[in-house]
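**Student:** Provided below are the primary sequence and the corresponding predicted coordinates.
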Amino acid sequence: MRLILNLDEDLSEFYALVANDPELSWAAAGSGRMLRTPTVFEAAVKTICTTNVAWSATVRMVNALVDNLGERAASGAHAFPTAEAMASVPESFYRETVRAGYRSAYLHALASGVVAGEFEIEELGLQADVPDDEIASRLLALPGIGPYGAAHLMMLLGRHSRLILDSWTRPKYAKINGRKAGDAAVQRRFRRYGRYTGLAFWLYLTRDWVPDEPVPGS
DNA sequence: CGTCCAGGTCTAC
DNA sequence: GGTAGACCTGGACGC
């Protein structure tokens, strides 16, 4: 559970930074915990399943993966499939059964690469000495993972330097901000948070998820 | 029933 | 190195 909620991560430096920002000071009360998955592989698969689709489709695809390839636990529930299980079925399975469309090739290639040792992604969450740029490069090398996916996965790994810019965060920022802003402008707005740039952006966007917090203009 | 598009990525200029 | 086009699917729309 500590892993899932990432409770061991030290965010004190970030809290000190937001204390000086009127629009983010609320976050110093202990926000910034990201839900993690047990494995980086699972997070990567789910991330691929979020790209260029509505959330309902993401849920549909992930459920299909779990139901068809996940090992049944003693409780009767299916676990998330292992890379081995996902590599053992052909790409056609992802098209025809999971209905993952063009993501099918990505999913199969990712699983196969992990099994073959080509992508050693489970280590990425542990190597604190490796700079964010290298972590990003490793993630961008994964099939179906681009700038959005890499930023998303890095947040889950406790690497908060990247902004998650996508069709949800861009308009959400514009709404809160009061007017549209280009990616570069958003980058500048949160630049002062340094290695917590992405986290500051994320909390700015999700402030209305926090119960009992008065949101300006709502 | 056709068009559009949703928490993008890849490839080819 | 930046930028169009293609890309699966299914649900939400307009007609």
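**Tutor:** Received the coordinates, thanks.

**Student:** from the centroid of chain A, which residue is nearest?
**Tutor:** By C-alpha atoms, centre = their mean, chain A has its centre lying nearest to A:His152, at 3.1 Å.

**Student:** can you tell me how far that one is from DNA strand C?
**Tutor:** Taking C-beta to the nearest atom of the strand, to the nearest Å as the measure, A:His152 and DNA strand C are separated by 18 Å. Where you see a C-beta, it was placed from the backbone N, CA and C, and this is true even at glycine.

**Student:** tell me which element that residue falls in.
**Tutor:** Under the criterion of DSSP states H and E, A:His152 resides in helix A:147-156.

**Student:** for that helix, packing partners?
**Tutor:** Judged by 3 or more C-beta pairs under 8 Å, 6 or more residues apart in numbering; DSSP states H and E, the packing partners of helix A:147-156 are helix A:40-48, helix A:132-140, helix A:197-205.

**Student:** so is the second one next to DNA strand C?
**Tutor:** No - counting by C-beta under 7 Å from any atom of the strand, no contacts exist between helix A:132-140 and DNA strand C, the nearest distance being 12.6 Å.

**Student:** CA atoms only for that helix, dumped as CSV, please.
**Tutor:** Taking Å, rounded to 0.1, in the frame of the first residue of the first chain, the C-alpha atoms of helix A:132-140 are listed here in CSV:
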residue,chain,number,x,y,z
ASP,A,132,15.0,12.8,-15.6
ASP,A,133,16.2,13.2,-19.2
GLU,A,134,17.5,9.7,-19.4
ILE,A,135,14.3,8.3,-17.8
ALA,A,136,12.3,10.2,-20.4
SER,A,137,14.4,8.8,-23.2
ARG,A,138,13.9,5.2,-21.9
LEU,A,139,10.2,5.7,-21.8
LEU,A,140,10.0,7.4,-25.2
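
**Student:** quick one, it and helix A:147-156 angle?
**Tutor:** In terms of direction (axes from the mean of the first three to the mean of the last three C-alpha atoms, to 10 degrees), helix A:132-140 departs from helix A:147-156 by 120 degrees.

**Student:** what's the angle between helix A:132-140 and helix A:40-48?
**Tutor:** Using the same axes, to 10 degrees: helix A:132-140 against helix A:40-48 is 70 degrees.

**Student:** on that earlier part again, what's in contact with the following helix or strand past the helix holding A:His152?
**Tutor:** Sequence order places helix A:169-177 as the next helix or strand after helix A:147-156, per DSSP H and E. The contact list for helix A:169-177, computed with C-beta atoms under 8 Å, 6 or more residues apart in numbering, reads A:Leu163, A:Lys180, A:Ala181, A:Asp183, A:Val186, A:Phe201, A:Tyr204, A:Leu205, A:Arg207.

**Student:** please name the nearest non-neighbouring residue to whatever residue of chain A ends up closest to DNA strand C.
**Tutor:** Closest contact between chain A and DNA strand C, by C-beta to the nearest atom of the strand, is at A:Gly101 (2.2 Å). Of all residues not flanking A:Gly101 in the chain, A:Arg95 sits nearest, at 7.0 Å (C-beta to C-beta, 6 or more residues apart in numbering).
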